[in-house]
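In: the sequence and its predicted three-dimensional model are supplied below.
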Amino acid sequence: MRDFVRTHGGGVVATNSGTGCPESAWINLTAHEDGRLVFGTNERSRKYANLRADPRVSLVVVSGDGQEFQVEGRAAVLEGPAAQDAGELLESRHPGATGKDSTRLVAVRLHWARFVDVAADPPVREDLTL
């Protein structure tokens, strides 16, 4: 999954708005060696406010060729050296992604994942143990 995320580089993250309605957004994304997913967000965004209030998130990363990962986890806003390391990792995949003062780095520790490949015959649907 780590290589899949690194190769495809983006996905949709859904956060909980607190009003009972999810909020989804496209994000630039990469993966840490330890499997955590990393993205940046503006501290004035709805996404940032939502995940500060409720760290549960879900993400979907697609290949465009029939493969996807659906994942769920807990997001943490990173500070200090952890944020610097995550920023360098994200910049290596998405130059300019962390160039704004209001960008905050987020890491997601996954607790559930599913791989789907509808291009395979028969189609594949596999839940992963994390």
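Out: Perfect, I can see it now. Residues are numbered from 1 along each chain as shown.
In: output the below-cut-off pLDDT ranges for the protein.
Out: Scanning the chain for pLDDT under 70 picks out nothing.
In: now the strands for it?
Out: 10-16, 22-28, 30-31, 37-42, 56-62, 67-77, 103-117, 124-128 (DSSP state E).
In: distance to A83 and mean neighbour count for these - can I get that in CSV?
Out: C-betas here are computed from N, CA, C, even on glycine. Conversion of the strands of the chain to CSV gives the following (distance: least, Cβ to Cβ, whole Å; neighbours: other Cβ atoms under 10 Å):
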stretch, distance to A83, mean neighbour count
strand 10-16, 18, 19
strand 22-28, 16, 15
strand 30-31, 14, 22
strand 37-42, 10, 23
strand 56-62, 18, 19
strand 67-77, 8, 19
strand 103-117, 5, 18
strand 124-128, 27, 11
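In: format the ones you listed as JSON lines; extra columns: distance to A86.
Out: Output for the strands of the chain, formatted as JSON lines (distance: least, Cβ to Cβ, whole Å):
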{"stretch": "strand 10-16", "distance to A86": "15"}
{"stretch": "strand 22-28", "distance to A86": "12"}
{"stretch": "strand 30-31", "distance to A86": "9"}
{"stretch": "strand 37-42", "distance to A86": "5"}
{"stretch": "strand 56-62", "distance to A86": "15"}
{"stretch": "strand 67-77", "distance to A86": "10"}
{"stretch": "strand 103-117", "distance to A86": "4"}
{"stretch": "strand 124-128", "distance to A86": "23"}
